[in-house]
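Chemist: need coordinates for the following:
(one chain, ligands or ions: 1)
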Amino acid sequence: MTCSGNCKLFVAVQQKPGGGRCRAKRGWGGGETQAASIPGTIAAVQAFYADHFVLPLPEGHRFPMAKYRLLRDRLAAELPAVRLCQAEPASDGELALAHDPAYIRAVSEGGLSPAAQREIGFPWSPGMAERARRSVGATVQACRAALQGGGVAANLAGGTHHAYADKGSGFCVFNDAAVAARLMQAEWGRAGRRPALRVAIVDLDVHQGNGSARIFQGDGSVFTLSVHGARNFPFRKEPSDCDIELPDGCGDDDYLAAVEQGLAELSHRFEPGLVIYLAGADPHEGDRLGRLRVSDDGMEARDRRVFDWAQQRGIPVAMAMAGGYGRDIETTVRVQLNTYRVALSHWQQWQRRAGAPGAAEAGVRWQNGAP
Ligand SMILES: [Zn+2]
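Modeler: So this is what the prediction gives:
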């Protein structure tokens, strides 16, 4: 477990129990500092989804597309304090903040070569293009909700960190965190807020965030942290601001120590106003691609540590689900649902801290006792 020394900083949507509208307006009001200056006024954790826009896959395809719908169903049934909101699609102009126009056109119009489609891992279809746009839109809306006072919001999908500016890879078409980071910075600036918004991408998916690392190379306003399996995909890694590599079979103690090390590096070198958290479920021991052995308790401790870290610093977090390929799909859904439980506890603390009305009635149910 080593840090590359090349170290450079989370997303969400909210829902009000018993109804109410999803809120994620463009732009913000006044204020001169970043995270801590934003009042907590959103009365539920918002979570944006696009799973009803079906990405058609051939029979026997190995991507577990059903997990998104299963997670949404479980959230609706078990965590009523999460408001589920339909994601809007990202526009061409928004995608162009992180992607080449020619690539955006190729995805939109069906111009991807067979090789490009193989590298993405999905066959092109209009549904694939629409879903990719909405997955980016979900992270954008989650970032807005987190920044506008929620403190935490989420994309039920997203975390498509293998997408580069000019190509997709590894089940990733567009890079949602990259587009959202740049768009939030632009909206922040247009609202006249100073200083400029700095964003940290905390990528704890088991696979390295190569696309994000490449897009933000040389950009001092975005810090990329990746904690990932050394011998796992992608086999050609890109230097993040901080990379921490893990050996195959890594268990809870070493994994949590690596996360701690990454957050310490981040604290030491960067002051974010927003964290986009890629809460991948694939480090879990039940994952068929992850190669690590992190238990349910270890995954929960990881999520809690990230949220506590952000809470202590008053930094809003937007969360994306990233990868999860459980041998049993229910395992992945269980791990992700638990991430939402931790996020809800974080949201509740944030609202109490902000003195938001109704914050205490959110209906959070703890998985493993009180926080
Ligand atoms: Zn992954």
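
Chemist: count of neighbours near the residue in the stretch 201-350 of the chain positioned nearest to the ion?
Modeler: As assessed by C-beta to the ion, the ion sits closest to Gly323 within the stretch 201-350 of the chain, at 2.7 Å. Heads up, the C-betas are built off the backbone N, CA and C, glycines and all. By the measure other C-beta atoms under 10 Å, the count of residues near Gly323 is 26.

Chemist: nearest spatial neighbour of it, skipping sequence neighbours?
Modeler: Nearest residue to Gly323 in three dimensions, chain neighbours excluded: Asp282, at 4.2 Å (C-beta to C-beta, 6 or more residues apart in numbering).

Chemist: and that neighbour, how far from Thr339?
Modeler: Distance of Asp282 to Thr339, computed by C-beta to C-beta, to the nearest Å: 12 Å.

Chemist: next one: Leu70
Modeler: For Leu70 relative to Thr339 (C-beta to C-beta), the value is 14 Å.

Chemist: so those two - more neighbours on which side?
Modeler: With neighbours defined as other C-beta under 10 Å, Leu70 and Thr339 compare such that Thr339 has more, 26 against 18.

Chemist: surely the residue nearest to Gly323 touches Arg327?
Modeler: No. Asp282 is beyond contact range of Arg327, at 11.6 Å (criterion: C-beta atoms under 8 Å).

Chemist: comparing those two, which residue is more hemmed in?
Modeler: Counted by other C-beta under 10 Å, Asp282 and Arg327 do not tie: Asp282 has more neighbours, with 26 against 12.

Chemist: and the strands in the stretch 51-200 of the chain?
Modeler: Using DSSP state E, counting those that start in this stretch, the strands of the stretch 51-200 of the chain run over 82-86, 152-155, 199-203.

Chemist: so which of the ones you listed gets nearest the ion?
Modeler: Going by C-beta to the ion, the one of those nearest the ion is strand 199-203, 9.3 Å.

Chemist: residues of the chain that sit close to the ion?
Modeler: 205, 207, 280, 282, 323 (C-beta under 5 Å from the ion).

Chemist: closest to Trp347 among the residues you listed?
Modeler: Gly280 (20.3 Å; C-beta to C-beta).

Chemist: quick check: closest non-adjacent residue to that closest one.
Modeler: Sequence neighbours aside, Asp205 is the residue nearest to Gly280 in space, at 2.9 Å (criterion: C-beta to C-beta, 6+ apart).

Chemist: ok, the one you found touching His284?
Modeler: No. Assessed by C-beta under 8 Å, Asp205 is found out of contact with His284, at 11.3 Å.

Chemist: give me the more crowded residue out of the two.
Modeler: Comparing Asp205 with His284 by other C-beta under 10 Å, the one with more neighbours is Asp205, at 27 against 24.

Chemist: low-confidence regions, the chain specifically.
Modeler: Residues of the chain meeting the criterion pLDDT under 70: 1-43, 355-371.

Chemist: so what does the spatially most central residue of it have for phi and psi?
Modeler: Centroid check for the chain by C-alpha atoms, centre = their mean gives Ala320 as the closest residue, at 2.4 Å. Ala320 has phi and psi values of phi -120, psi 150 when expressed as degrees, to the nearest 10.

Chemist: ok, now how distant is it from Ala230?
Modeler: In terms of C-beta to C-beta, Ala320 sits 23 Å off from Ala230.

Chemist: on that earlier part again, what's the neighbour count on the residue lying closest to the residue nearest to the centre of the chain once chain neighbours are set aside?
Modeler: Closest residue to Ala320 apart from its sequence neighbours, by C-beta to C-beta, 6+ apart: Gly158 at 3.4 Å. The tally of other residues near Gly158 (other C-beta under 10 Å) stands at 32.

Chemist: my read is that Gly158 contacts Thr139, right?
Modeler: Yes. With contact defined as C-beta under 8 Å, Gly158 reaches Thr139; the gap is 4.6 Å.

Chemist: now the residue nearest to Gly280: how far from Val222?
Modeler: If you go by C-beta to C-beta, the gap between Asp205 and Val222 works out to 17 Å.

Chemist: one more: Cys242?
Modeler: Counting by C-beta to C-beta - Cys242 and Val222 are separated by 12 Å.

Chemist: listing partners with orientation, what would you give for the longest strand seen in the chain?
Modeler: Counting residues, the longest strand found in the chain (DSSP state E) is strand 222-229. Neighbouring strands of strand 222-229 in its sheet, by DSSP bridges, are strand 199-203 (parallel), strand 242-246 (parallel).
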